[in-house]
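**Q** I would like to see how this sequence folds:
(2 chains)
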Amino acid sequence: DGGITQSPKYLFRKEGQNVTLSCEQNLNHDAMYWYRQDPGQGLRLIYYSQIVNDFQKGDIAEGYSVSREKKESFPLTVTSAQKNPTAFYLCASSIPSGSYNEQFFGPGTRLTVL
Amino acid sequence: AQSVSQHNHHVILSEAASLELGCNYSYGGTVNLFWYVQYPGQHLQLLLKYFSGDPLVKGIKGFEAEFIKSKFSFNLRKPSVQWSDTAEYFCAVRAAGNKLTFGGGTRVLVKP
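**A** Okay, here's the model as predicted:
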């Protein structure tokens, strides 16, 4: 059963702690993305990766970090430098080349920082 | 930088009513356009997409969208909604590279 998994579904952390959100895909997609979803603001791109060992900042990368050591995995770390980390985080993947560029989304992780 | 505007944040309507959600974008070049839907408790999924050709695009579940290049618009329509269409709808634009820019979303509530 192909798809994208994100874990955990809900995550609670104390202010000042770093936290890592997991994203795994078995779709054999080269590109992966992290978005943040806030009410009324839609999805905003945090980081994206077109290929293993390479990634680029999105529109709101400050306070976040990523790694892409394996094609299947693209973990996101929310650091203590992120001023407003409480949000719903979505991971996505796609085939990057050519005109067919639908992004497939995972179920999301809701992070609450107390 | 490109931007995407969805004019209605919340829409409430009754079953069998017609639905139209507006989407405008700011980019003068070639674009790919998407509508995604997020049903309560479910993954964000693709409703329909436009890449080229016929500007009237048909998607899943009876939805369609029309690309009007002169108006920089890609409005979503459904002639007769059902209670199961209650969801949040997002318009997205890909202008260059593989990055998508999303609108703020429209929450649609269909009353039975």
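
**Q** what sits against the spatially most central residue of chain B?
**A** Closest residue to the average C-alpha location of chain B: B:Trp35 at 3.7 Å, with CA atoms, centre = their mean. Residues near B:Trp35 by CB atoms under 8 Å, 6 or more residues apart in numbering or on different chains: B:23, B:46-49, B:59, B:63, B:65, B:74, B:76, B:89-92. Every residue, glycine included, has its C-beta placed from N, CA and C.

**Q** among those, which are within reach of chain A?
**A** Counting by CB under 8 Å from any CB of the partner chain, B:46, B:49, B:90, B:92 from the contacts of B:Trp35 sit close to chain A.

**Q** Columns neighbour count, pLDDT and secondary structure on top of those, output as TSV?
**A** Output for these, formatted as TSV (neighbours: other CB atoms under 10 Å in any protein chain shown; pLDDT from 0 to 100; DSSP: H, G, I helix; E, B strand; the rest coil):
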residue	neighbour count	pLDDT	secondary structure
B:Leu46	16	94	strand
B:Lys49	19	93	strand
B:Phe90	26	96	strand
B:Ala92	24	95	strand
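
**Q** Let me have the contacts of B:Trp35 in a markdown table, extended by distance to A:Pro75.
**A** Below are the contacts of B:Trp35 laid out as a markdown table (distance: CB to CB, whole Å):
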| residue | distance to A:Pro75 |
| --- | --- |
| B:Cys23 | 32 |
| B:Leu46 | 25 |
| B:Leu47 | 29 |
| B:Leu48 | 31 |
| B:Lys49 | 29 |
| B:Gly59 | 32 |
| B:Phe63 | 34 |
| B:Ala65 | 35 |
| B:Phe74 | 33 |
| B:Leu76 | 34 |
| B:Tyr89 | 29 |
| B:Phe90 | 24 |
| B:Cys91 | 29 |
| B:Ala92 | 24 |
